[in-house]
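Participant: just coords:
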Ligand SMILES: [Zn+2]
């Protein structure tokens, strides 16, 4: 039933009233392109949200409910006591990820950072394709995109997307870009969004777990290389954009977790040759191809694992920074 209303909307821009109605009903709004056709392919476009006024009179948390301007009380899935006692909210934002509505607010709160914990030695982290990250002590964080579960979900996604495009093809109406949306197409699109979300959730959860483990040991500093360097890495097997997204997300999360824990976060200069330098004697190779996983230093004869060597160099960089 909800979808009927959804298709009656022809306007490219939704009124505030419509958005709020959708929020109350936990329902999604279609995003239309400039010609007025619904856009479904990009996952990004499914994301919707709007800002809320900051003042307390209009935004209130009580028990497991939140009072929103013009909408009224909305039940929350999670009850946060600190929100009920907050005296100011910063930048409230309401977002829809395709399934659930989220509200995010910033609040002031007393941080209870206990600085008496001893720091351990600083670490260098090398980001890679085979493993997501390698630490200078040899620890490796595997690439989640290569896990069985993600591979399975990606396969499933591809299959569903093929199915969807076939269905659209069948619904083609005379004109070039006119399609009739059938119930089956809507169902299929919902399923595709669900798989996308599952993949995203697994990936995010993984990044949080792994970065938390690294920060927990409270290293004196964390040193990483400039992401622009890694951005140039050609990757044929996996989508490059997914890889880059994972890198920047990893870096973003670890950076703010370091900040929270008073750990120095260092980014090496983008021209620092972390992979080509021998971590034993400092000899710098002229060239090191991307496929070379192990190499022998011509100066001192030490055999290097490419990633661990780079991570050791980054650790040294951080020490002298
Ligand atoms: Zn050497």
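Facilitator: Perfect, I can see it now. None of these values were measured; they are calculated from a predicted model.

Participant: Apart from its chain neighbours, what residue comes closest to residue 65?
Facilitator: Of all residues beyond its chain neighbours, the one nearest residue 65 is residue 73 (4.8 Å), with distances taken as CB to CB, 6 or more residues apart in numbering. Using the backbone N, CA and C atoms, a C-beta is placed for each residue, glycine as well.

Participant: so which strand or helix has residue 151?
Facilitator: For residue 151, the host element (DSSP states H and E) is helix 148-170.

Participant: Flag every residue of the chain that's near the ion.
Facilitator: Neighbours of the ion within the chain, by CB under 5 Å from the ion: 278, 280, 281, 283, 297, 299, 300.

Participant: Neighbour-wise, which one of those leads?
Facilitator: Among the residues of the chain next to the ion, the one with the most neighbours (other CB atoms under 10 Å) is residue 278, at 21 neighbours.

Participant: if I look at it, how far off is residue 169?
Facilitator: Going from residue 278 to residue 169 by CB to CB, to the nearest Å gives 57 Å.

Participant: just residue 302 next, same as before
Facilitator: Shown here: residue 302 relative to residue 169, a distance of 59 Å by CB to CB.

Participant: higher neighbour count, those two?
Facilitator: Of the pair residue 302 and residue 169, residue 302 is the one with more neighbours under other CB under 10 Å, namely 14 against 9.

Participant: about what we covered before: show me what the helix holding residue 151 is packed up against.
Facilitator: helix 183-216 (3 or more CB pairs under 8 Å, 6 or more residues apart in numbering; DSSP states H and E).

Participant: Any idea which helix or strand in the chain has the lowest mean pLDDT?
Facilitator: Lowest on mean pLDDT, DSSP states H and E among the helices and strands of the chain sits helix 2-8, with a mean of 31.

Participant: coming back round to it: quick check: phi and psi at the residue nearest to residue 65.
Facilitator: Dihedral angles of residue 73 (phi, psi; degrees, to the nearest 10) stand at phi -80, psi 130.

Participant: Pull the number of nearby residues for it.
Facilitator: Counted with other CB under 10 Å, the neighbours of residue 73 add up to 12.

Participant: Ok, the one 5 residues further on next?
Facilitator: Neighbouring residues of residue 78 were enumerated by other CB under 10 Å; the total is 6.

Participant: Could you list which residues are in contact with it?
Facilitator: Residue 78 makes contact with residue 64 under the criterion CB atoms under 8 Å, 6 or more residues apart in numbering.

Participant: Just the pLDDT for the residue sitting nearest the centre point of the chain.
Facilitator: For the chain, the residue nearest the mean C-alpha position is residue 249 (5.1 Å; CA atoms, centre = their mean). On pLDDT, residue 249 comes in at 91.

Participant: what do you get for residue 210?
Facilitator: Listed pLDDT for residue 210 reads 95.

Participant: Hmm, residue 140 and it touching each other?
Facilitator: No. Residue 210 is beyond contact range of residue 140, at 10.6 Å (criterion: CB atoms under 8 Å).

Participant: where does the residue nearest to the centre of the chain fall, helix, sheet strand or coil?
Facilitator: With DSSP: H, G, I helix; E, B strand; the rest coil as the basis, residue 249 sits in helix.

Participant: Tell me which residues touch it, please.
Facilitator: 203, 204, 207.

Participant: how does it look with 10 Å?
Facilitator: Residue 249 makes contacts with 203, 204, 207, 208, 211, as judged by CB atoms under 10 Å, 6 or more residues apart in numbering.

Participant: before we move on, back to that, and the residue nearest to residue 65, what does it touch?
Facilitator: Contacts for residue 73 (CB under 10 Å, 6+ apart) come out as 60, 62, 63, 65, 66, 67.

Participant: For the stretch 151-300 of the chain, give me the ranges with low pLDDT.
Facilitator: Within the stretch 151-300 of the chain, the stretches with pLDDT under 70 are 173-178, 228-241.

Participant: what's the neighbour count on whichever residue of the stretch 101-250 of the chain sits closest to the ion?
Facilitator: Relative to the ion, the nearest point of the stretch 101-250 of the chain is residue 136 (16.2 Å; CB to the ion). Counted by other CB under 10 Å, the residues lying close to residue 136 total 24.

Participant: Residue 67 now?
Facilitator: 14.

Participant: Name the SS class of it, please.
Facilitator: Recorded secondary structure, residue 67: strand (three-state DSSP).

Participant: At which residues are the strands of the stretch 201-321 of the chain located?
Facilitator: Here the stretch 201-321 of the chain has its strands, by DSSP state E, counting those that start in this stretch, at 221-224, 264-267, 294-296, 303-305.

Participant: Figure out the helix or strand that the spatially closest residue to residue 83 that is not a sequence neighbour lives in.
Facilitator: Of all residues not flanking residue 83 in the chain, residue 61 sits nearest, at 4.1 Å (CB to CB, 6+ apart). Counting by DSSP H and E, the element that carries residue 61 is strand 60-62.
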